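>>> Predicted model and sequence follow; I will ask about them next.
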Amino acid sequence: MSTDQAIDATPTATPLAVRFQGWGTAITLVAVWALLIAATGLYRPDFFAHQTVLAIAFTMSIVGVLAIGQGIIGISGGFIDLSQPACLILTSLIAVRLSEAGLPLPLVFVGAVLVGMVWGAFNATIVVLAKLNPVIVTLATNFIGLAALYLVFQLAQVPNGSEIYHMGRASFLGLPVIWWPMLVLIIIVGFLMRYTRYGRRITAVGGNRFAAQARGISLKKTRFATFMAAGGFVGFAAVLFASAAGPFNPSSASTMQLNVIAAVILAGISLAGGRGSFWMLLLSVGFLSTIPTSLVFFGLSSDTQSIFQGILLMIAVAIDGYRARRGTP
Amino acid sequence: MRNSVRAFALMALSVPVLIGLAGVAEAQDKFKLGMMVGGNTCCEWMKAQGDVARALAEKMGWDYVELSNNNDPATALKNAQIMVQEGVDAAIQFNGQPSTNPAISAVMKAANIPIVTYDIADPGMYFVGIDNLAAGIAGGEQLGKIMKEKWNCEPDLVISSEGAGAGIVNEWRTGGMRTGVKNICPDIPAEKYISFEGSGDAAVALPAARDLLAANPNAVKMAVVGINDGGVLGLINAAEQLGRADEVIGWGQDGAFITGDNVNPHLAGSVFYFLEGYAVYAIKDVIGPIAEGKEVALKADAGDPASKVQPCPVSAEQAKAVPDMPERVAQLLAAPAGTTEYDLFCLNK
């Protein structure tokens, strides 16, 4: 039996606890989300309308895909990728330029994803080869990237009436077209992370890198691939962003970062690495995307959402810290 | 022989010294203009303001120094101190985050350097800029006329896309647009005026705009005003995503998205300030006379400015005749001295 096979065949240390904890997180998230929806619906019955579903689903789409990338970095022990805003804007700009050049939508996706992967490789090269703290490295590359983008462009938008423009406004089965790729990606990545060798390697590296190394897993290769994959997801999210956002500038994505990190933590994906389920992202992203919409229905200003999101982030980080101290998944 | 060599060496050495001294003397005689551009990446015109000032300064034969405020008040103050060290004779600034304006004013006053401020007034600075309130009212009245013709002044909502970070400028422009709408349609009930924070950025405004539309599902006829075109576009894009764009008419400010071949059909018009060309006004009415040694009375009030920029409301149809910004800048710099973009391009004089 090879080392890889041994890892694949090795059951997790506490499978029942993992499953129970996973369900516990899911039940908590569903309960809080349902409570929020019920309270808003009681106050304003017109909350239960298709327009509300559309508004929330649009908000979920981009944050959800970004959260996959952030989650992969977190679960692999890379903590956080703070360079997502710069990568998102860079790849959105690529998407705009490719659309302006008349390329079909699939090629726009390919171009943006590839550039996102190159960005991830750049981060990985510094983190893995120079052995520097990924938080500091990605913070720095975000600054560098945004500064460079400021020099390149001021405003960009996809051409009105183009294929990508219509994608950002179209619906399918009553939900935004850009919501469906987010759903499919979360399901696929959740499956890959749980049931494939590569997914288990990423989790193993994040959980205990010494043990993973002892089992023959290359930390460098795994982390490199993880950063590249995360960059690719940002590139994918960028096409959705460019299609829906209208005109954007280099600082247009800065406000998303907190939401994405909060979604990852609320989903139970540990930023310290080694545990979490990507399927939970559907619930955490949905819950976080419902909050601002509910606030508006309650007659509160959209500015107040930052207060609620800040509080939620603190609670989520506290829960993550509690889980880490208890050693529970 | 030895004396000849010494004389020759002395002459040879004296030539570069004399050239250097002459250069220093000329540089000291040359008027030096300092420009502190806004540095907010939101808007192309901020960079263009520096480009135009540089070109005009070169035309005048002046030295020119440019720094970026990076849309940051502390950086703006540091830049003012650098301008003093650089020994500029006069300075121009656009400071979109004006909390440090009093400190900047004090620094420049202590160094006896006159300073022009664009669009945001300070008691110690020459004010050159748009009458933001007049611009807001002009845009609002144009939108009001469309509402009167199309909806008989009976909209379901008049939505304001605010940009609270801009402070009083937001109140003048966005509030001015509401005033303009009321001038044409005075009987719209107060509860039909609602606002959301759009930060003057279409992408940032989008989620909040979607939420606002979702919370007003029965609104059919919606008019949108805002601090700039970007903020208004945020709501229009949200309406497109929720399948309600046909019910929305927007009128923006600043003209950023009303020209070119990518204009949203629901943006009915905007108000041009021709922001990139402000240096023409500053040099014509303030800096030029100072460079000639004339006394220029300090006019720091937006109501009684040192030089007033005229707002130019244009419909989307009219805007098709207005060239894009690079072309406008090219034509402005080719025009006789003192010609403004309002003179060259405004169809509603």
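That came through fine.

>>> and chain B, which residues reach chain A?
Listed as neighbours of chain A in chain B under the rule C-beta under 8 Å from any C-beta of the partner chain: B:41-44, B:47, B:164, B:196-197, B:201-204, B:206-208, B:210-215, B:217-218, B:230, B:233-234, B:236-237, B:240-243, B:256-257, B:262-265. Heads up, the C-betas are built off the backbone N, CA and C, glycines and all.

>>> Surely B:N40 touches B:M46?
Yes. With contact defined as C-beta atoms under 8 Å, B:N40 counts as touching B:M46 (5.7 Å).

>>> buried set for stretch B:285-304?
B:D285, B:V286, B:I287, B:G288, B:I290, B:A291, B:V296, B:K299, B:A300, B:A302 (16 or more other C-beta atoms under 10 Å in any protein chain shown).

>>> What mean pLDDT does the helix or strand containing the fourth one get?
Element membership for B:G288, per DSSP states H and E: helix B:288-291. What helix B:288-291 shows for mean pLDDT is 96.

>>> quick one: pLDDT of B:P207?
92.

>>> right, and it touches A:P292 too?
Yes. B:P207 is within contact range of A:P292, at 6.5 Å (criterion: C-beta under 8 Å).

>>> Looking at the two, which is more packed in?
Shown here are B:P207 and A:P292; by other C-beta atoms under 10 Å in any protein chain shown, B:P207 has more neighbours (27 against 24).

>>> from the residues of chain B next to chain A, which would you call buried?
B:41-44, B:47, B:164, B:196-197, B:201-204, B:206-208, B:210-215, B:230, B:233-234, B:236-237, B:240-242, B:256-257, B:263-264.

>>> Which of the residues you listed fall within helices?
Counting by DSSP state H, the part of these found in helices is B:44, B:47, B:202-204, B:206-208, B:210-214, B:230, B:233-234, B:236-237, B:240-241.

>>> hmm, back to that, what sits in contact with each of B:N40 and B:M46?
B:G96 (C-beta atoms under 8 Å, 6 or more residues apart in numbering or on different chains).

>>> What ranges does the stretch 101-250 of chain B have for its helices?
Using DSSP state H, counting those that start in this stretch, the helices found in the stretch 101-250 of chain B span residues B:101-110, B:132-151, B:168-170, B:176-184, B:202-214, B:229-241.

>>> Just send these back as TSV, with distance to A:A140 too.
Listed next are the helices of the stretch 101-250 of chain B as TSV, based on distance: least, C-beta to C-beta, whole Å:
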stretch	distance to A:A140
helix B:101-110	31
helix B:132-151	39
helix B:168-170	34
helix B:176-184	42
helix B:202-214	24
helix B:229-241	29
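
>>> And the spatially most central residue of chain B, what's its pLDDT?
Geometric centre of chain B, nearest residue: B:L275, 3.9 Å, by C-alpha atoms, centre = their mean. Confidence at B:L275, expressed as pLDDT, is 90.

>>> Nearest residue to it in space, please, no chain neighbours.
In this structure, B:L275 finds its nearest non-sequential neighbour in B:W45, 4.1 Å apart by C-beta to C-beta, 6 or more residues apart in numbering or on different chains.

>>> repeat for B:G61
B:K30 (7.3 Å).

>>> farthest pair in the buried residues of stretch B:285-304?
B:A291 and B:A302 (24.5 Å; C-beta to C-beta).

>>> Confidence-wise, which of the helices of the stretch 101-250 of chain B is weakest overall?
Among the helices of the stretch 101-250 of chain B, helix B:168-170 scores lowest, at a mean of 86.

>>> give me the number of residues near A:R44?
17.

>>> got a list of what it touches?
A:F297, A:F298, B:A215.

>>> doesn't A:Y43 make contact with the first one?
Yes. In terms of C-beta under 8 Å, A:F297 counts as a neighbour of A:Y43; the distance is 6.9 Å.

>>> the more surrounded of those two?
A:F297 (20 against 12).

>>> Skipping its backbone neighbours, what lies nearest that one in space?
A:R44 (4.5 Å).

>>> Any stretches of chain A with poor pLDDT?
The model of chain A has pLDDT under 70 over residues A:1-22, A:302-303, A:320, A:323-329.

>>> in it, which spans are strands?
Per DSSP state E, chain A carries strands over the ranges A:171-172, A:175-176.

>>> Of all those strands, which one comes closest to A:V96?
Per C-beta to C-beta, nearest to A:V96 of the strands of chain A: strand A:175-176, 19.6 Å.

>>> so B:M35, which of the three states?
strand (DSSP: H, G, I helix; E, B strand; the rest coil).

>>> Tell me how far it lies from chain A.
In this view, B:M35 and chain A are 18 Å apart by C-beta to the nearest C-beta, to the nearest Å.

>>> just checking, that residue touches B:S68?
No. Counting by C-beta under 8 Å, B:M35 does not reach B:S68; the two are 9.6 Å apart.

>>> what do these two both touch?
Shared contacts of B:M35 and B:S68, counting by C-beta under 8 Å, 6+ apart, come down to B:G50.

>>> Between these two, which is the more surrounded one?
Shown here are B:M35 and B:S68; by other C-beta under 10 Å, B:M35 has more neighbours (27 against 19).

>>> how many other residues sit next to the closest residue to B:E247 other than its chain neighbours?
Once flanking residues are discounted, B:E247 sits nearest to B:V220: 5.0 Å by C-beta to C-beta, 6+ apart. By other C-beta under 10 Å, 14 other residues sit near B:V220.

>>> do the same with B:P326
Neighbours of B:P326 using other C-beta under 10 Å come to 12.

>>> Roughly how far does A:P106 sit from A:A245?
20 Å (C-beta to C-beta, to the nearest Å).

>>> Give me the more crowded residue out of those two.
A:A245 (26 against 9).

>>> which residues does that one contact?
Contacts of A:A245 (C-beta under 8 Å, 6+ apart): A:S92, A:Q157, A:G168, A:S252, B:A202, B:A203, B:L206, B:N237.

>>> Return the distance of the last one relative to A:L105.
Meaning B:N237. For B:N237, the distance to A:L105 - C-beta to C-beta - is 19 Å.

>>> Same question for the second one.
Taking C-beta to C-beta as the measure, A:Q157 falls 16 Å from A:L105.

>>> ok, the two, which is more surrounded?
In terms of neighbours (other C-beta under 10 Å), A:Q157 is the more surrounded of A:Q157 and A:L105; the figures are 22 against 17.
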